[in-house]
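J.: Only the shape, not the letters, is given here:
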């Protein structure tokens, strides 16, 4: 059998089949991915997008792909509100934590102030800079009191 490797300009033509193949190779003990996109938008009254956070929930985790607030609105707590809203939606979906990436020239300190901690770093990406991977564990739900019941 002859095989051919080709660089594809239309990445989407191979992305979906590759994702299906990867999912099909998941071991049974990891359970279903339960992949659900998640997005929270900050909009002006006229509908203009002024900021947002997007990602997905999968295997009980929120994966944040991006968070942005228009430059003229930064410093007003809107990024914090966006991220906390995404986290709240993830908790409602049963997530136990969140994961995201950021660069040294972006928002590492912002995320750390919100309870995220660095668990990995990729130095020299891009050259002269570092890409950080951060995570945050969500507090487990408080146990409900069952007053009047014995062991």
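T.: Nice, I can see it. In this text the structure is predicted, and so the values were computed from the model without any measurement.

J.: now the helices for this structure?
T.: With DSSP state H as the criterion, the chain has helices at 12-24, 78-92, 108-113.

J.: could you dump the ones you listed to CSV with distance to residue 63, mean neighbour count and mean pLDDT?
T.: (Glycine included, C-beta is placed from N, CA and C.) As requested, the helices of the chain are exported to CSV (distance: least, C-beta to C-beta, whole Å; neighbours: other C-beta atoms under 10 Å; pLDDT from 0 to 100):
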stretch, distance to residue 63, mean neighbour count, mean pLDDT
helix 12-24, 14, 10, 89
helix 78-92, 9, 17, 98
helix 108-113, 14, 16, 97
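
J.: got TSV for those helices, with distance to residue 98 too?
T.: Compiled in TSV, the helices of the chain are given as follows (distance: least, C-beta to C-beta, whole Å):
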stretch	distance to residue 98
helix 12-24	22
helix 78-92	6
helix 108-113	9
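
J.: closest one to residue 40 among those?
T.: helix 78-92 (4.7 Å; C-beta to C-beta).

J.: Go through stretch 40-47 and flag the buried ones.
T.: 40, 42 (16 or more other C-beta atoms under 10 Å).

J.: Centre of the chain to it, how far?
T.: Stretch 40-47 has its C-alpha centroid displaced from the chain centroid by 21 Å (C-alpha atoms, centre = their mean, to the nearest Å).

J.: quick one: low-confidence parts of this protein?
T.: Where the chain drops to pLDDT under 70, the residues are 141-151.

J.: just to revisit the earlier point, so which of the helices of the chain is nearest residue 36?
T.: helix 78-92 (9.4 Å).

J.: So which elements touch that closest one?
T.: strand 36-43, strand 49-58, strand 61-69, strand 97-103, helix 108-113 (3 or more C-beta pairs under 8 Å, 6 or more residues apart in numbering; DSSP states H and E).
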